[in-house]
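Asker: After the sequence you'll find the predicted model.
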Amino acid sequence: MNDKQAPTTEVVEQDLNEILRIRRDKLSKLIEEGKNPFEVTKFDKTHSSAQIIDGYVDHAEDEQYEPQIVSVAGRMTSRRIMGKASFCHILDGEGTVQLYVKRDEVGEEAYSEFKTWDIGDIIGGTGEVFRTHMGEISVKLREIKLLSKSLLPLPEKFHGLKDIETRYRQRYVDLIANPEVKRTFIIRSKLMKSIREYLDNRGYLEVETPILNTIAGGANARPFITHHNTLDIDMYMRIATELHLKRLIVGGFEKVYEIGRQFRNEGMDLKHNPEFTTIELYEAYTDFNGMMEIVEGMFKYCADTVLGMRKLPYGDVTIDLDKWEKLTMIQAVNKYVGVDFTNMTDEQAVAAAERKGIELAAGKRTWGHALYECFDELVEKELIQPTFIYDYPVEVSPLAKKKPTDNRLTERFEFFINASEMGNAFSELNDPIDQYERFMAQARAKAQGDDEAQMLDDDFVTALEYGMPPTGGLGIGIDRMVMLYTDCQSIRDVLLFPTMKPLSK
């Protein structure tokens, strides 16, 4: 047998069980001695690791200087015991700092207890800031205390933990093992704040709309279904906030937005998670051109305020937020596929699409579907730098106004960055008769088996009958925006707790 052979699962499990037993025995001993760490209710922490390191001033030559006294707390991630003195590092919310623990300073009893503590324990201490002979800014402790016991060991070689399953399923371990991951979620939080600032400064009002609905509307998607026991009715987790927000435009609010979770019972991949975050905003008396200005301005503002730059590294490319291209869908297909759909009939368009390898279902053999499918399958992957694609076919835009000069098209755009759709916008349909007819077309599609088609929302049609002003509307995927700003290639990397298949399945 090779002496270097990896330990079997059984041996690893035995080792883990022994570690668990030892840690629980330590806890039991502490409890017997009246030192239960879980009974500690607070610790007066005065400084973070970053504040200590950033604020350190060397007064080695100043005989009058009195060392700064600080109280710090965090998770012990390393330790070197050296007889009567030891060093350890603790991890807090802003980084790590070294602690110097000397028996003559903290007392023999406290020092003996410290030597029995485990990596992963939460500890706190008070002492003076100094620089070691090796040049590391540290805290020489006068007092030390166990604040919480870690009963589970950190993963083997937890520094730089790479196992994807562990990282996503146990984000708390990921954050301990990979403190740099925090940066992604700090940027996410700053992005949300920056988006709000950008819109609030333009007179928008943030609102909240229902998550549970009796109708799943506002987008073409398969909803999650739940049941309301008191009302004894099925309800749907919202798939979009659009129809409620436009009701508010009818009611007299002229600029509204909502940042919130949406839920779609669909597949999972690098760009999709069943629950995700969007922002939707609506502004009266403007159109989709006004929404283009909002998009470009928002992305630049967020880049300036959060990152301090507009050229964003993303994978193997650099995204330049100062350069936005604008193409109609017809222009984009002609540019990248070499087919001009401008004057084609339905039959010609379907034939042209099929020559390019596009398969169209029986109910979708129209000019609009042929154009859209060519774009979706053959063009989107080419759109690396920021690009607006506008003038979408009416068949795939049930909530957008028709283009006055061509009723086959709508005043709608989507914008793409690094071959990914980032957002969607319309000149909103405010004709209740037209809206009702499009809802009915969607209902017929649903009856024919399209489980992503929209439901008829009679109340929304009623709202439009009271009159909605010309309105521009916009939806942006926040998670994909965070991916761009943090150079993350998977949506799971920007969700603290992504949806995961249960281990029992």
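Answerer: Perfect, thanks for sending it.

Asker: for the biggest helix by length in the chain, which positions count as buried?
Answerer: The longest helix of the chain (DSSP state H) is helix 9-32. By 16 or more other C-beta atoms under 10 Å, the buried positions in helix 9-32 come out as 23, 26-27, 30. For glycine as for every other residue, the C-beta is placed from the backbone atoms N, C-alpha and C.

Asker: ok, now stretch 493-505?
Answerer: Going by neighbour count (16+ other C-beta under 10 Å), the buried part of stretch 493-505 is 493-495, 498.

Asker: pLDDT weak spots in the chain?
Answerer: Applying pLDDT under 70 to the chain flags the ranges 1-14, 60-61, 63-64, 156-161, 505.

Asker: which one's the longest strand in it?
Answerer: What stands out as the longest strand in the chain, according to DSSP state E, is strand 69-82.

Asker: Show me the helices in the stretch 351-500 of the chain, by range?
Answerer: Using DSSP state H, counting those that start in this stretch, the helices assigned to the stretch 351-500 of the chain run over residues 367-374, 432-447, 458-465, 478-486.

Asker: For Arg103, which of those helices is the nearest?
Answerer: Closest approach to Arg103 among these is made by helix 478-486 (45.0 Å; C-beta to C-beta).

Asker: how distant is the closest one from the center of its chain?
Answerer: Helix 478-486 sits 7 Å away from the centroid of its parent chain (C-alpha atoms, centre = their mean, to the nearest Å).

Asker: Just the CA atoms of it, as CSV, please.
Answerer: C-alpha atoms of helix 478-486 as CSV (Å, rounded to 0.1, in the frame of the first residue of the first chain):
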residue,chain,number,x,y,z
ILE,A,478,-29.7,43.7,-10.7
ASP,A,479,-27.9,40.4,-10.4
ARG,A,480,-26.5,40.6,-13.9
MET,A,481,-25.5,44.2,-13.3
VAL,A,482,-23.6,43.1,-10.1
MET,A,483,-21.9,40.4,-12.1
LEU,A,484,-20.7,43.0,-14.5
TYR,A,485,-19.4,45.4,-11.8
THR,A,486,-17.7,42.6,-9.8
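
Asker: circling back to that earlier point, okay, the helices of the stretch 351-500 of the chain in JSON lines with distance to Phe299 and mean neighbour count next?
Answerer: Output for the helices of the stretch 351-500 of the chain, formatted as JSON lines (distance: least, C-beta to C-beta, whole Å; neighbours: other C-beta atoms under 10 Å):
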{"stretch": "helix 367-374", "distance to Phe299": "25", "mean neighbour count": "23"}
{"stretch": "helix 432-447", "distance to Phe299": "31", "mean neighbour count": "16"}
{"stretch": "helix 458-465", "distance to Phe299": "30", "mean neighbour count": "16"}
{"stretch": "helix 478-486", "distance to Phe299": "8", "mean neighbour count": "23"}
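
Asker: can you redo the ones you listed as JSON lines with distance to Val350?
Answerer: Below are those laid out as JSON lines (distance: least, C-beta to C-beta, whole Å):
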{"stretch": "helix 367-374", "distance to Val350": "5"}
{"stretch": "helix 432-447", "distance to Val350": "18"}
{"stretch": "helix 458-465", "distance to Val350": "32"}
{"stretch": "helix 478-486", "distance to Val350": "32"}
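
Asker: Flag every buried residue along the helix or strand following the longest helix of the chain.
Answerer: The helix or strand immediately downstream of helix 9-32 is helix 49-54, counting by DSSP states H and E. Using 16+ other C-beta under 10 Å as the test for burial, helix 49-54 gives 49, 51-53.

Asker: which one of the residues you listed is nearest Met235?
Answerer: Nearest to Met235 among the buried residues of helix 49-54, counting by C-beta to C-beta, is Ser49 at 47.0 Å.

Asker: wouldn't that closest one be in contact with Gln98 here?
Answerer: No: in this structure, Ser49 is not within contact of Gln98 by C-beta atoms under 8 Å, at 9.3 Å.

Asker: mind listing the strands for the stretch 151-300 of the chain?
Answerer: Secondary structure of the stretch 151-300 of the chain by DSSP state E, counting those that start in this stretch: the strands cover 205-206, 212-213, 225-228, 233-237, 255-263, 275-284.

Asker: Pick the most deeply packed of the ones you listed.
Answerer: Highest mean neighbour count of the strands of the stretch 151-300 of the chain: strand 275-284, a mean of 22 (counted as mean count of other C-beta atoms under 10 Å).

Asker: other SSEs contacting that strand?
Answerer: If contacts are counted by 3 or more C-beta pairs under 8 Å, 6 or more residues apart in numbering; DSSP states H and E, strand 275-284 sits against helix 242-251, strand 255-263, helix 288-302, strand 471-477, helix 478-486.

Asker: which residues touch the fourth one?
Answerer: Outside of strand 471-477, the residues within contact range by C-beta atoms under 8 Å, 6 or more residues apart in numbering are 240, 242, 245-246, 249, 276-291, 294-295, 298, 399, 421-428, 430.

Asker: what does the last one give?
Answerer: By C-beta under 8 Å, 6+ apart, the surrounding residues in contact with helix 478-486 are 183-184, 187-188, 191-192, 195, 259, 271, 273, 276-279, 299, 302-303, 306-307, 312, 314, 319, 417-418, 420-422, 488-491, 493-495.

Asker: filter these to the buried ones?
Answerer: Listed as buried from the contacts of helix 478-486 are 184, 187-188, 191-192, 195, 259, 271, 273, 276-279, 299, 302-303, 306-307, 312, 314, 319, 417-418, 420-422, 488, 491, 493-495; burial here means 16+ other C-beta under 10 Å.

Asker: can you tell which of the helices of the stretch 351-500 of the chain is closest to Gly203?
Answerer: Among the helices of the stretch 351-500 of the chain, helix 478-486 sits nearest to Gly203 (C-beta to C-beta), with 21.3 Å.

Asker: ok, how many other residues are close to Thr286?
Answerer: Residues lying near Thr286 (other C-beta atoms under 10 Å) number 20.

Asker: What's opposite the closest residue to it other than its chain neighbours in the beta bridge?
Answerer: For Thr286, ignoring the flanking residues on the chain, the nearest one in space by C-beta to C-beta, 6 or more residues apart in numbering is Gly472 at 4.2 Å. Counting by DSSP bridges, Gly472 forms beta bridges with Glu283, Ser427.

Asker: so Leu147, which of the three states?
Answerer: strand (DSSP: H, G, I helix; E, B strand; the rest coil).

Asker: Pull the contacting residues for Met192.
Answerer: 259, 478.

Asker: Off-centre distance for stretch 211-224?
Answerer: Counting by C-alpha atoms, centre = their mean, stretch 211-224 comes out at 21 Å from the chain centroid.

Asker: ok, residues contacting stretch 268-280?
Answerer: Contacts for stretch 268-280 (C-beta under 8 Å, 6+ apart): 195, 224, 240-242, 245, 257-266, 420, 473-480, 489-492, 495, 498-499.
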